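Visitor: here is my input; please provide its structure:
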Amino acid sequence: MIQKWTKTLTSLFLLSSLFFCAEKKADNNNILLGLLTLAANQIKVNTVSELVNESADDYNQNQWGLITGSTLNSWVSNWQANKPSHITGKLIILQTDAANRRTGDSPGRKPYVKSDPQLGVYVYLLNDYTPSGLPTGGFRFNQTRDAGLIRNSVRYQANGEFVDDWLNTYGINPTKDLIVFAAGTGNGTIPASALTSSSAGLAGAIQDITRGVYWLRYWGVDIKHLAILNGNLRSNFVLTYPTQTSDSKSSLPAKGNFTVKSIRVDNTIITSGLEDIYEIAKNNLEAQIPGLTTKQFLIDARPTPQFGSGRSAGVNGDTTQYITTGWDSAGAPVVWGAGGDANSANTAGKTYVPFEGNIKGAVSFPWLALFEGFTDSGGVADDAAAEAAFNIGYRYKPKSNLKTIFANKGYTSGATVVSQCRTNFEAQVNGFAALNILGYPTTYYDGSLVEWTALIAAHPDNTINQVPADFKWRTDLNTVSVFSYNPQITNSGALGGVISRVKPAGVNLQATTTKKFIQEDKAYKY
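Guide: Purely as a prediction, here's the structure:
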């Protein structure tokens with residue numbers, strides 16, 4: 001529920017005015033100071049419905065949210081003349097990677113959008129942020145946190161110290177500046193041709209930039225100060241506007257001193273804890289969750305072959321090869337044998353969750369389905385189609401197409417979209433489309449399936465079981481999950497040592513909440 005603090009303050013001021021008539025002026029001043037302090041410290045708590053942002057039908061008309069290359073070009077070419085009227089500060093462009101990483105791109109394509117400090121345009125890489133304890137692969141807006149139920153394993157929203165440090169590293173004031181996230185070329189190693197099997201990895205940078213918007217909105221940044229480029233820079237900016245590109249990026253500025261504590265709104269409703277998802281599943285998508293609408297639309301953003309019970313669609317179709325990698329294993333499953341993972345050069349082997357399946361009531365909604373060049377089921381016919389999708393640059397489909405896809409998946413007006421996947425990265429693409437293009441109320445399940453599948457009581461290998469049969473958040477039940485257990489297989493890893501293939505995140509049985517990290521983040525601002 002929204003805090004009705006405006007009415008409260010009005011009443012307090014009216015009462016204080018009556019009091020002022022009868023008391024000494026010095027006392028009145030103290031009371032007024034106290035009331036003003038109360039007013040300054042109030043935080044508006046938003047619902048999911050209050051965070052919606054609907055895009056224009058023509059993406060070229062957007063000044064925030066989802067923007068096009070032509071809009072970015074107008075800003076870069078003359079920021080002071082063309083910046084949105086509500087922006088008083090700088091243009092900060094944050095690239096995931098260089099925009100010329102395909103073999104043969106250099107030197108014809110330049111790697112960065114052109115910066116112009118004199119006009120207030122700055123360009124950085126996300127990997128320019130290098131905090132202590134940097135997660136492997138660079139900081140991508142999440143952090144190992146204590147959720148109460150699970151700690152020291154699953155990653156959730158990065159905390160207040162991180163968001164302040166991140167903003168100040170780039171010299172960003174998110175109440176004045178406009179932050180534009182952009183994918184450069186794509187994630188991982190860019191192959192000479194965009195093979196069908198590479199599509200998810202190449203498009204993965206869009207997950208990163210949509211997660212950036214999600215994280216900053218969680219911390220209270222107004223969507224009017226946030227944008228992502230529709231599609232990567234390589235295909236949607238560099239070729240069209242070569243004079244607005246550069247061989248170099250900006251140097252990091254002196255550290256700033258901004259804090260999100262000064263943004264007096266609470267948007268944490270955008271992130272849901274396991275206890276919320278449990279109620280949604282148990283109550284057949286009609287849970288009474290404060291801040292959400294009374295009906296929910298639960299989507300699973302993973303590729304369709306990873307959805308549902310059974311493992312027949314696992315790696316190479318072999319039921320002994322699992323689908324969903326565990327909390328301590330990055331990326332997709334890989335083929336493995338008695339000697340360890342065949343293609344893991346830097347790890348002794350991947351681990352997997354205790355059961356495959358999905359949260360009850362979820363619909364399969366693969367994230368790639370939302371991009372031009374992919375079918376509405378998220379596939380590409382062959383390598384030629386994958387190459388075409390790569391050359392489009394992983395742009396969102398037109399708004400009308402997205403609306404049709406959501407409707408065909410079962411979305412009904414007014415329902416809260418609840419987006420989840422394995423680790424809440426694929427889910428970012430779907431959630432961004434729902435919240436910031438279509439304008440649907442939206443929340444994200446931050447722990448996603450690496451958290452959900454840990455709460456098991458009846459796995460055939462009892463050493464895997466984490467909770468008693470009557471545990472209040474047990475998930476290996478037909479009332480809340482569609483599932484089948486992954487068999488435990490232990491064998492030697494490629495780098496030596498024994499690997500237990502099934503490895504759930506540890507559970508704190510004394511937990512009274514699954515949202516401790518959210519409570520901590522509220523306390524950071526309150």
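
Visitor: please count neighbours and contacts with C-alpha atoms only from this point.
Guide: Fine.

Visitor: which other helices and strands does the helix or strand containing N358 contact?
Guide: Using DSSP states H and E, the element containing N358 is strand 355-359. Other helices and strands packing on strand 355-359, by 3 or more C-alpha pairs under 8 Å, 6 or more residues apart in numbering; DSSP states H and E, are strand 481-485.

Visitor: show residues contacting the strand it packs on.
Guide: 281, 308-310, 354-360, 459-460, 475-476 (C-alpha atoms under 8 Å, 6 or more residues apart in numbering).

Visitor: try 6 Å this time
Guide: By C-alpha atoms under 6 Å, 6 or more residues apart in numbering, the surrounding residues in contact with strand 481-485 are 309-310, 354-360.

Visitor: and stretch 518-526, by the same measure?
Guide: With C-alpha under 6 Å, 6+ apart, stretch 518-526 has contacts from K261.

Visitor: how about the nearest residue to the residue nearest to the spatial centre of the chain, chain neighbours excluded?
Guide: Nearest to the geometric centre of the chain sits R211, at 3.0 Å (C-alpha atoms, centre = their mean). Spatial nearest neighbour of R211, excluding adjacent residues (C-alpha to C-alpha, 6 or more residues apart in numbering): Q428 at 5.7 Å.

Visitor: return the list of helices and strands in contact with the helix or strand hosting the one you found.
Guide: Applying DSSP H and E as the criterion places Q428 in helix 426-432. In this structure, helix 426-432 packs against helix 204-218, strand 416-420, with contacts taken as 3 or more C-alpha pairs under 6 Å, 6 or more residues apart in numbering; DSSP states H and E.

Visitor: the strand holding N358 vs strand 481-485, what angle?
Guide: Here strand 355-359 runs at an angle of 170 degrees relative to strand 481-485 (axes from the mean of the first three to the mean of the last three C-alpha atoms, to 10 degrees).

Visitor: name the residues that touch the next helix or strand after strand 355-359?
Guide: Sequence-wise, the next helix or strand downstream of strand 355-359 (DSSP H and E) is strand 363-364. Residues outside strand 363-364 that contact it (C-alpha under 6 Å, 6+ apart): 299-300, 304.

Visitor: how about the residues you listed in JSON lines, adding secondary structure and pLDDT?
Guide: Shown next, in JSON lines, are the contacts of strand 363-364 (DSSP: H, G, I helix; E, B strand; the rest coil; pLDDT from 0 to 100):
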{"residue": "I299", "secondary structure": "strand", "pLDDT": "98"}
{"residue": "D300", "secondary structure": "strand", "pLDDT": "98"}
{"residue": "T304", "secondary structure": "helix", "pLDDT": "89"}
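
Visitor: so G65 makes contact with A227?
Guide: Yes. Using C-alpha atoms under 6 Å, G65 makes contact with A227 at a distance of 4.3 Å.

Visitor: which neighbours do those two have in common?
Guide: With C-alpha under 6 Å, 6+ apart, G65 and A227 have no common neighbours.

Visitor: tell me where this protein has helices.
Guide: With DSSP state H, the ranges of helices along the chain come out as 5-20, 25-41, 69-77, 79-82, 160-169, 199-202, 204-218, 233, 274-282, 383-392, 399-409, 426-432, 448-452, 516-525.

Visitor: among the ones you listed, which is nearest G108?
Guide: Among these, helix 233 comes nearest to G108, with 14.0 Å by C-alpha to C-alpha.

Visitor: now the helices of the chain as a markdown table including mean pLDDT?
Guide: Shown next, in a markdown table, are the helices of the chain (pLDDT from 0 to 100):
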| stretch | mean pLDDT |
| --- | --- |
| helix 5-20 | 36 |
| helix 25-41 | 50 |
| helix 69-77 | 98 |
| helix 79-82 | 98 |
| helix 160-169 | 96 |
| helix 199-202 | 88 |
| helix 204-218 | 97 |
| helix 233 | 97 |
| helix 274-282 | 98 |
| helix 383-392 | 92 |
| helix 399-409 | 98 |
| helix 426-432 | 98 |
| helix 448-452 | 98 |
| helix 516-525 | 97 |
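
Visitor: picking that back up, nearest to Q80, out of the helices and strands packed on helix 426-432?
Guide: Short answer: helix 204-218, nearest of the helices and strands packed on helix 426-432 by C-alpha to C-alpha, at 23.8 Å.

Visitor: and the residue lying closest to L438 once chain neighbours are set aside, how far from T404?
Guide: Once flanking residues are discounted, L438 sits nearest to E54: 5.1 Å by C-alpha to C-alpha, 6+ apart. Going from E54 to T404 by C-alpha to C-alpha, to the nearest Å gives 15 Å.

Visitor: which of these two has more neighbours?
Guide: E54 (18 against 13; other C-alpha atoms under 10 Å).

Visitor: return the distance of F390 relative to F374.
Guide: 10 Å.

Visitor: and the two? Which one has more around it.
Guide: With neighbours defined as other C-alpha under 10 Å, F390 and F374 compare such that F390 has more, 26 against 20.

Visitor: quick check: angle from the strand holding N358 to strand 416-420?
Guide: Angle of strand 355-359 versus strand 416-420, following the same axes, to 10 degrees, is 170 degrees.

Visitor: what strands line up against strand 355-359, and which way round?
Guide: Strand pairing for strand 355-359, using DSSP bridges, gives strand 481-485 (antiparallel).

Visitor: for the strand it pairs with, C-alpha coordinates in PDB please.
Guide: Provided in PDB are the C-alpha atoms of strand 481-485 (Å, rounded to 0.1, in the frame of the first residue of the first chain):
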ATOM      1  CA  SER A 481       5.900 -26.700  -8.400                       C
ATOM      2  CA  VAL A 482       5.900 -28.800 -11.500                       C
ATOM      3  CA  PHE A 483       9.000 -30.900 -11.000                       C
ATOM      4  CA  SER A 484      11.100 -34.100 -11.300                       C
ATOM      5  CA  TYR A 485      14.300 -34.700  -9.300                       C
END
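
Visitor: residues of it that come out buried?
Guide: 481-485 (16 or more other C-alpha atoms under 10 Å).

Visitor: need those in a markdown table (columns: pLDDT and distance to S197).
Guide: As requested, the buried residues of strand 481-485 are exported to a markdown table (pLDDT from 0 to 100; distance: C-alpha to C-alpha, whole Å):
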| residue | pLDDT | distance to S197 |
| --- | --- | --- |
| S481 | 97 | 29 |
| V482 | 95 | 27 |
| F483 | 93 | 26 |
| S484 | 90 | 26 |
| Y485 | 91 | 27 |
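
Visitor: widest-spaced pair of those?
Guide: S481 and Y485 (11.6 Å).

Visitor: what ranges does the stretch 151-300 of the chain have for its strands?
Guide: Remark: strands assigned in the stretch 151-300 of the chain by DSSP state E, counting those that start in this stretch are 155-157, 178-182, 226-229, 245-246, 265-266, 271-272, 296-300.

Visitor: list the contacts of the third one.
Guide: Okay, so that is strand 226-229. With contacts defined as C-alpha under 6 Å, 6+ apart, strand 226-229 is touched by 64-68, 178-182.

Visitor: how far away is Q244 from R109?
Guide: Distance check for Q244 against R109: by C-alpha to C-alpha, it reads 11 Å.

Visitor: quick one on the thing from earlier: tell me what angle the strand holding N358 forms with strand 296-300.
Guide: 150 degrees.

Visitor: start and end of stretch 190-207, how far apart?
Guide: 17 Å.

Visitor: just to revisit the earlier point, what's the closest of the buried residues of strand 481-485 to V502?
Guide: Y485 (9.8 Å).

Visitor: quick check: the closest one vs I323, distance?
Guide: 12 Å.

Visitor: again, but for Y278
Guide: To I323, Y278 is 23 Å away according to C-alpha to C-alpha.
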